[in-house]
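Engineer: sequence and predicted structure below; questions after.
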Amino acid sequence: MIRGSCCCGGVRFELAAPPTMMGTCHCSRCRKAGASNLVFVKRETFRWVAGRELVETFYPDPPFTLARQFCRRCGTALGEPFATEGAGFPLNAHCLDDDPIVRNRFHEWVSAKPAWYEICDGARQFAEDPVKAPATA
Ligand SMILES: [Zn+2]
Ligand SMILES: [Zn+2]
């Protein structure tokens, strides 16, 4: 069991299995939300333990589209646990209290990375969205 929670401890969840992978997004949205390191979890492995009623959604103005969840009491970014499309969703890896077993597999939106952030692992790098653009390193 892999546990996760927000800063105030009001929101708690569990993963019955390790995430399918981990990735790092350097886009301004993920950086400002404080959720650059993401794990991807299958919906059936995710369970709320407490505080689902504390979870609020931020809907950005266009052209941005990703609705992101956070704890309304402490502000911790949770990722997108309310996402309903697809087999799973990304969660903020920093919310995990246990080792998720998986390690970072890629960097995306490296073109938007701030100059002061140095990539120190050998994971593949993509200038933008890996689904649309080939790897650059
Ligand atoms: Zn909280
Ligand atoms: Zn991003």
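Structural biologist: The structure has been received and is ready for your questions. Ligands and ions are numbered 1, 2, ... in the order given.
Engineer: list the buried residues in the lowest-mean-pLDDT helix or strand in the chain.
Structural biologist: Least confident helix or strand, the chain: helix 28-33 with a mean of 94, by mean pLDDT, DSSP states H and E. Residues 29-31, 33 are the ones in helix 28-33 that count as buried (16 or more other CB atoms under 10 Å). (Glycine included, C-beta is placed from N, CA and C.)
Engineer: again, but for stretch 8-26
Structural biologist: 10-15, 18-19, 21-26.
Engineer: swap in stretch 40-57?
Structural biologist: Across stretch 40-57, burial judged by 16+ other CB under 10 Å covers 40-42, 46, 51, 54-55.
Engineer: wait, which of those residues is closest to ligand 2?
Structural biologist: Closest approach between these and ligand 2, by CB to the ion: residue 40, at 13.1 Å.
Engineer: pretty sure the closest one is touching residue 17, no?
Structural biologist: No. Assessed by CB atoms under 8 Å, residue 40 is found out of contact with residue 17, at 11.9 Å.
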